[in-house]
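J.: sharing a sequence plus its predicted fold:
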Amino acid sequence: MIDSERLSRVFVELADTLVSDFDVVEFMTTLADRCVELLGADEAGVVLADEQGILRSVASSNETARLLELFEIQNQEGPCLDCYRTGEQLLNQFLVTPDQWPVFGPEARRLGFTVVHALPMRLRGRVIGAVNVFGSSAAELDPIDIEVGQALADVATVGLLQERTIREARILNEQLQGALTSRVVIEQAKGVLAERLKVELDVAFTLLREHARRNSQRLSLVAAALVEGRLAAGELTQRS
């Protein structure tokens with residue numbers, strides 16, 4: 001059973017976008033993390049549409065989820081694409097039917113997943129992306145889980161759109177494009193850090209996020225500093 005007090009704190013966390021250093025990638029990563037935590041899933045990821053309506057992977061709870069989302073987008077097949085195109089939920093989709101996502105399904109099973117869900121990020125008739133939720137067990141999302149998951153996606157969508165509206169100098173498409181640009185720099189920084197510290201990409205990303213939080217800096221700025229040589233890899237392992 002989901003703890004109501006914890007759930008309330010998560011909703012407040014996702015609604016709090018009116019900050020001066022708002023970071024879309026960090027915000028969407030938090031959404032993915034909370035979906036994993038509250039829905040009992042293994043991994044989750046978030047895709048957003050760019051100014052041309054093309055889905056891009058923006059955040060994930062784990063490197064495996066990110067790679068699977070990239071695979072899904074590259075092959076134009078899978079739950080998040082169907083969810084985004086229709087604006088409807090895809091729930092408890094067990095990857096056992098041969099003709100269901102014939103390209104995506106086998107790849108997801110190869111990575112250890114047996115069930116997938118997709119929740120639209122929508123406000124009224126506008127769909128800006130989708131949340132992918134992946135599981136490796138046979139457990140289904142029950143009605144309460146589904147309600148909570150969609151509420152998380154809805155609150156994050158409202159927060160994201162609200163932040164764009166208040167900042168009149170920016171429009172939504174510019175901010176989403178900025179998130180995608182930031183994602184490229186972050187991926188470069190993950191690779192640099194993984195190589196220099198001899199760690200996995202997931203570990204590298206965690207170190208980047210923790211350093212950004214400890215120093216109250218935007219994740220994308222920390223990543224850029226590392227890539228440009230203004231931040232040493234060793235500094236990210238210093239926890240004090």
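T.: Received the coordinates, thanks.
J.: quick one: stretch 139-157 to chain centroid distance?
T.: With C-alpha atoms, centre = their mean, to the nearest Å as the basis, stretch 139-157 stands 15 Å off its chain's centre.
J.: now it: buried residues?
T.: 141, 145-146, 148-157 (16 or more other C-beta atoms under 10 Å). Just so you know, the C-beta spots here come from the backbone N, C-alpha and C atoms, and that holds for glycine as well.
J.: possible to save the residues you listed as JSON lines with secondary structure?
T.: Formatted as JSON lines, the buried residues of stretch 139-157 follow (DSSP: H, G, I helix; E, B strand; the rest coil):
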{"residue": "Leu141", "secondary structure": "coil"}
{"residue": "Asp145", "secondary structure": "helix"}
{"residue": "Ile146", "secondary structure": "helix"}
{"residue": "Val148", "secondary structure": "helix"}
{"residue": "Gly149", "secondary structure": "helix"}
{"residue": "Gln150", "secondary structure": "helix"}
{"residue": "Ala151", "secondary structure": "helix"}
{"residue": "Leu152", "secondary structure": "helix"}
{"residue": "Ala153", "secondary structure": "helix"}
{"residue": "Asp154", "secondary structure": "helix"}
{"residue": "Val155", "secondary structure": "helix"}
{"residue": "Ala156", "secondary structure": "helix"}
{"residue": "Thr157", "secondary structure": "helix"}
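J.: mind telling me what element Glu37 is part of?
T.: helix 24-39 (DSSP states H and E).
J.: give me the domain ranges for this structure.
T.: Following automatic domain parsing, the chain resolves into domains at 4-169, 179-237.
J.: just to revisit the earlier point, what does the very next helix or strand once past the helix holding Glu37 contact?
T.: Sequence-wise, the next helix or strand downstream of helix 24-39 (DSSP H and E) is strand 43-49. Residues outside strand 43-49 that contact it (C-beta atoms under 8 Å, 6 or more residues apart in numbering) are 28-29, 31-33, 35-36, 55-62, 64-66, 68-69, 73, 80, 84, 113, 121, 127-134, 176, 179-180.
J.: just how off-centre is strand 43-49 within its chain?
T.: That offset, for strand 43-49, works out to 4 Å (C-alpha atoms, centre = their mean).
J.: do stretch 16-29 as well
T.: With C-alpha atoms, centre = their mean, you get 13 Å for stretch 16-29.
J.: for stretch 42-55, same thing?
T.: Relative to its parent chain, stretch 42-55 has a centroid offset of 8 Å by C-alpha atoms, centre = their mean.
J.: would you mind measuring the gap between the ends of it?
T.: 22 Å (C-alpha to C-alpha, to the nearest Å).
J.: what comes up buried for that stretch?
T.: 42-49, 55.
J.: give the other helices and strands that the lengthiest helix in the chain contacts.
T.: The longest helix of the chain (DSSP state H) is helix 172-197. The contact analysis (3 or more C-beta pairs under 8 Å, 6 or more residues apart in numbering; DSSP states H and E) places helix 172-197 against helix 24-39, strand 43-49, strand 55-60, helix 143-166, helix 201-214, helix 219-227.
J.: and if we set it to 10 Å?
T.: helix 24-39, strand 43-49, strand 55-60, helix 63-74, strand 126-135, helix 143-166, helix 201-214, helix 219-227 (3 or more C-beta pairs under 10 Å, 6 or more residues apart in numbering; DSSP states H and E).
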